[in-house]
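Engineer: This is a predicted model, with the sequence first.
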Amino acid sequence: MNTPVAASRFDIRRAGINLNCWYVVARANEVTDKPLGVVLWHQEIVLYRDTQQQVHALEDRCPHRFVKLSRGAVVGDELECAYHGWRVGSEGQCTCVPYLEDTQKLPTGKIRSYPVQELNGFIWLYPGDRAVLQEKKIQPMGLPEWDHLNYIGSISVIDAEAHFSYLIENLMDMYHGHLHQNLQAWASAELDAIEETDYRVDAHYTAQSYYRIDKIWSISQLFVPALRRLHPEPLDVSYIYPNWASRLGDDFKIFCLFCPVSETHTRAYLVHFTSLNAFHRLHKLPVGFRRFVKNSLFGTANKLLDGLVAQDIPMIEDEQRAYLENPDRRPHELNRALVSVQRLIRVQAEM
Ligand code: FES
Ligand SMILES: [Fe+2]
């Protein structure tokens with residue numbers, strides 16, 4: 001899938017992903033004792049929770065006749081196929097065939113199981129080579145703000161009919177504030193510096209922010225535009241392959257957790273955190289109360305996030321369609337951060 005291609009012929013819009021990374025495939029609360037089918041880069045995967053609340057990930061194919069196990073049910077710690085009721089354990093081994101005759105043995109072939117972990121509100125899955133995982137001790141990016149009492153989270157799901165390169169370019173190109181003018185997310189971005197390695201690209205912009213979260217009531221700026229005042233702030237955006245992280249001043253952090261589905265379909269979770277770091281008196285209150293504040297305010301920025309996503313998706317889907325109509329027609333890109341982004345996609349695809 002990730003066959004190396006000569007640099008001159010490498011087409012970023014058909015680039016594969018580096019499978020030797022952890023990818024977010026679901027929110028933790030989406031995985032229950034009902035099987036959930038997901039797709040990560042052409043691989044159909046079934047997720048479920050066992051009786052100990054442990055999450056497991058298996059190839060979504062019954063070992064019998066390859067129908068989707070996600071159509072079946074969780075029975076105890078195993079998955080039961082909907083068709084003939086075969087059962088599969090968390091390692092992918094067949095554990096029961098209900099009509100097995102005394103003279104017959106259980107089939108020994110296994111379906112694939114994936115390393116998976118629940119971390120900071122999401123399910124992270126590793127679709128690559130297990131030997132590389134162990135040798136390089138590859139870790140998921142994680143999202144420590146998810147559990148930290150000083151951050152209030154909001155989530156929006158992105159489901160776009162476009163290659164992941166269009167989405168990450170959108171997120172790294174802060175000159176598209178024009179599109180979001182009515183949502184007042186940021187304004188007047190200017191690119192100052194770029195740093196890059198084979199694992200990440202950091203683009204440093206300065207911009208005007210509408211928000212200053214320095215009093216508890218200033219959180220209402222998220223939904224009362226009249227309270228907002230433009231002021232300059234650093235705006236840092238990073239492609240930490242395969243995910244994206246950003247920071248607008250000290251008040252906002254936004255992450256995008258990528259689950260590329262195919263060359264023309266990308267799912268992702270956009271996660272926004274409003275910081276309560278400035279409220280020193282709040283930090284002295286009992287942990288239970290602070291958790292209550294955090295939980296009660298969860299989703300405060302949802303309307304803003306959903307609005308941004310609803311404006312961005314048609315743009316990147318247009319780009320994808322234009323590419324499919326005429327792959328040789330080159331866009332006129334002027335933001336040098338995107339050259340670095342494309343380089344990173346290529347380096348990672350060829351790793
Ligand atoms: S196809 Fe799954 S039990 Fe037969
Ligand atoms: Fe945007």
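Structural biologist: Arrived safely, thanks for sending. Ligands and ions are numbered 1, 2, ... in the order given.
Engineer: And stretch 310-318, what's buried?
Structural biologist: For stretch 310-318, a neighbour-count test (16 or more other Cβ atoms under 10 Å) marks Gln311, Asp312, Ile313, Ile316 as buried. From N, CA and C alone the C-beta is placed, and that goes for glycine too.
Engineer: Give the rounded mean pLDDT of that stretch.
Structural biologist: Mean pLDDT, computed over stretch 310-318, is 98.
Engineer: same deal with stretch 131-142?
Structural biologist: 96.
Engineer: Okay, now it: how far is its last residue from its first?
Structural biologist: With Cα to Cα, to the nearest Å as the measure, the ends of stretch 131-142 fall 22 Å from one another.
Engineer: residues in contact with it?
Structural biologist: With Cβ atoms under 8 Å, 6 or more residues apart in numbering as the contact definition, stretch 131-142 has outside contacts at 20-22, 115, 117, 119-120, 124, 126, 240, 243, 245, 257.
Engineer: The closest residue to ligand 1 within the stretch 151-300 of the chain sits in which helix or strand?
Structural biologist: With Cβ to the nearest ligand atom as the measure, Val261 is the residue of the stretch 151-300 of the chain nearest to ligand 1, at 24.3 Å. Using DSSP states H and E, the element containing Val261 is strand 252-262.
Engineer: Now the element after that strand, going C-ward?
Structural biologist: Toward the C-terminus, strand 252-262 is succeeded by strand 265-275 as the next helix or strand (DSSP H and E).
Engineer: Tell me what angle that next one forms with strand 252-262.
Structural biologist: Following axes from the mean of the first three to the mean of the last three Cα atoms, to 10 degrees, one obtains 170 degrees for the angle between strand 265-275 and strand 252-262.
Engineer: follow-up on the earlier one: which one of the buried residues of stretch 310-318 is nearest to ligand 1?
Structural biologist: Each of those was scored against ligand 1 by Cβ to the nearest ligand atom, and Ile313 proved nearest at 36.5 Å.
Engineer: ok, that closest one touching Tyr166?
Structural biologist: No - in this structure Ile313 lies outside contact range of Tyr166 using Cβ atoms under 8 Å: 10.0 Å.
Engineer: Spell out which residues are contacts of both of the two.
Structural biologist: Shared contacts of Ile313 and Tyr166 (Cβ under 8 Å, 6+ apart): Ala160.
Engineer: Burial check on the nearest residue to Asp250 once chain neighbours are set aside, number of neighbours?
Structural biologist: What sits nearest to Asp250 in space, not counting adjacent residues and going by Cβ to Cβ, 6 or more residues apart in numbering, is Ser275, at 6.2 Å. Taking other Cβ atoms under 10 Å as the criterion, the count of residues near Ser275 is 18.
Engineer: residues contacting Ser275?
Structural biologist: Per Cβ under 8 Å, 6+ apart, neighbours of Ser275: Asn150, Tyr151, Ile213, Asp250, Asp251, Phe252, Lys253.
Engineer: Quick check: phi and psi on the residue lying closest to Trp22 once chain neighbours are set aside?
Structural biologist: What sits nearest to Trp22 in space, not counting adjacent residues and going by Cβ to Cβ, 6+ apart, is Pro140, at 3.6 Å. Reported as degrees, to the nearest 10, the phi and psi values for Pro140 are phi -70, psi 150.
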